[in-house]
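Trainee: How does the following fold in three dimensions:
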Amino acid sequence: MKLVDEIIEILSSDNCILTNALIKTKVLLHKMGHKELVIWVNKELNGYSQDDELPDYRIIPAQVRVSATNGAYQVNSHPIPMKHLDDEFKHSLEEAKIAYSLAIIEKMVTDSDDVMLHRPLPMEFNGLLGEGLANSFIIQRAWSEIPIASVSNILMQVRSRLLDFVLELNSEFSEIESDKELREAVGGFDASNLFNNAIFGDNVTILLGSENTQKVTNSIIKNDFETLSKVLQKNGVDRDDINLLKDAIDKDQSFSVVEKDKFGPSVKSWMESMLSKAISTSWQIELGVAGSLLATALNYYYGLIP
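Mentor: The predicted model follows:
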């Protein structure tokens, strides 16, 4: 298939422009009828929001360093002991969550002449960080060092995972030419499972049998949130997330839901946050299934499915 061949050519090129490959992948997924898989592509192209949980390859190790003095001596770019810090705070300092778009990451890597990137830490941290120092040293400045090679590895991870996906597609659909033929062929092929395994790896739990969608039975009663809640809980949705959905439905009360999959703005925002959790695997469900499961359950709740 021509579009798949073009993506493979970009990804295997010495001068790979990753954003071009992702844009073409976005077109490909739409042609395949798998728009729900585009979420990951969009996140990589546009960057992740503050509320998104990041894929593991975007969380990289960092080391805290300081400049400090005790009046007699000055130390610069020095590591410090951190055992006195509570685990959560210590962990937040020793990892960097890189949420930028791939275009920004590419520019950071290309423009950097150093082997490390520096993330300044607030001055308010200096006193707490300095509690582990001896000889009356006082911290003047603190920062986290992030290896530029680790940032560059984000690009390689996306490139490699995407290439795995399109190579597998190519082996299945190499003889297909038209969009119609592609849609027909995809109907009997588990593209969602292939995408999840290639992009997110074996740690993604697949909660379905041989079909591409999980069944949401008509046990959901129209406008009965309790029955909706039970179905969502059975499919691994946390109670806190269900409570957030209840809040979203309440906020959308002035919005008339009369057409399938056309929910109010607050419910749409909640669905997007849940699909982000499917991407990061904090909700153990296949990404291709997540969107269908939520939409079907909500359609039953709003009485849009008889």
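
Trainee: okay, CA-based contacts and neighbour counts for the rest of this
Mentor: OK.

Trainee: Not counting stretch 157-169 itself, show me its contacts.
Mentor: Contacts with stretch 157-169, where a contact means Cα atoms under 8 Å, 6 or more residues apart in numbering, come from 4, 7-8, 11-12, 18, 57, 194-195, 198-200.

Trainee: Can I get those in JSON lines including secondary structure, distance to Arg239 and pLDDT?
Mentor: Shown next, in JSON lines, are the contacts of stretch 157-169 (DSSP: H, G, I helix; E, B strand; the rest coil; distance: Cα to Cα, whole Å; pLDDT from 0 to 100):
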{"residue": "Val4", "secondary structure": "helix", "distance to Arg239": "41", "pLDDT": "90"}
{"residue": "Ile7", "secondary structure": "helix", "distance to Arg239": "40", "pLDDT": "95"}
{"residue": "Ile8", "secondary structure": "helix", "distance to Arg239": "42", "pLDDT": "95"}
{"residue": "Leu11", "secondary structure": "helix", "distance to Arg239": "41", "pLDDT": "95"}
{"residue": "Ser12", "secondary structure": "helix", "distance to Arg239": "44", "pLDDT": "94"}
{"residue": "Leu18", "secondary structure": "helix", "distance to Arg239": "38", "pLDDT": "95"}
{"residue": "Tyr57", "secondary structure": "helix", "distance to Arg239": "28", "pLDDT": "93"}
{"residue": "Leu194", "secondary structure": "helix", "distance to Arg239": "29", "pLDDT": "76"}
{"residue": "Phe195", "secondary structure": "helix", "distance to Arg239": "28", "pLDDT": "81"}
{"residue": "Ala198", "secondary structure": "helix", "distance to Arg239": "30", "pLDDT": "80"}
{"residue": "Ile199", "secondary structure": "helix", "distance to Arg239": "28", "pLDDT": "82"}
{"residue": "Phe200", "secondary structure": "helix", "distance to Arg239": "25", "pLDDT": "75"}
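
Trainee: export the residues you listed to JSON lines and tack on neighbour count and distance to Leu133?
Mentor: Conversion of the contacts of stretch 157-169 to JSON lines gives the following (neighbours: other Cα atoms under 10 Å; distance: Cα to Cα, whole Å):
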{"residue": "Val4", "neighbour count": "20", "distance to Leu133": "57"}
{"residue": "Ile7", "neighbour count": "23", "distance to Leu133": "53"}
{"residue": "Ile8", "neighbour count": "19", "distance to Leu133": "53"}
{"residue": "Leu11", "neighbour count": "23", "distance to Leu133": "48"}
{"residue": "Ser12", "neighbour count": "12", "distance to Leu133": "49"}
{"residue": "Leu18", "neighbour count": "21", "distance to Leu133": "44"}
{"residue": "Tyr57", "neighbour count": "17", "distance to Leu133": "33"}
{"residue": "Leu194", "neighbour count": "17", "distance to Leu133": "51"}
{"residue": "Phe195", "neighbour count": "22", "distance to Leu133": "49"}
{"residue": "Ala198", "neighbour count": "18", "distance to Leu133": "46"}
{"residue": "Ile199", "neighbour count": "22", "distance to Leu133": "43"}
{"residue": "Phe200", "neighbour count": "21", "distance to Leu133": "41"}
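
Trainee: Same list as before, these that is, but in JSON lines and with distance to Val258 included.
Mentor: Output for those, formatted as JSON lines (distance: Cα to Cα, whole Å):
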{"residue": "Val4", "distance to Val258": "38"}
{"residue": "Ile7", "distance to Val258": "39"}
{"residue": "Ile8", "distance to Val258": "42"}
{"residue": "Leu11", "distance to Val258": "43"}
{"residue": "Ser12", "distance to Val258": "47"}
{"residue": "Leu18", "distance to Val258": "40"}
{"residue": "Tyr57", "distance to Val258": "41"}
{"residue": "Leu194", "distance to Val258": "34"}
{"residue": "Phe195", "distance to Val258": "33"}
{"residue": "Ala198", "distance to Val258": "37"}
{"residue": "Ile199", "distance to Val258": "36"}
{"residue": "Phe200", "distance to Val258": "36"}
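
Trainee: Which pair in those has the greatest spatial separation?
Mentor: Val4 and Tyr57 (24.4 Å; Cα to Cα).

Trainee: Looks to me like Ala99 is in a strand.
Mentor: No: counting by DSSP: H, G, I helix; E, B strand; the rest coil, Ala99 is not part of a strand but coil.

Trainee: Doesn't Ala96 belong to a strand?
Mentor: Yes: Ala96 sits within a strand when classified using three-state DSSP.

Trainee: Check it and give its pLDDT.
Mentor: For Ala96, the pLDDT comes out at 94.

Trainee: That one: neighbouring residues, count only.
Mentor: 19 (other Cα atoms under 10 Å).

Trainee: Lovely, talk soon.
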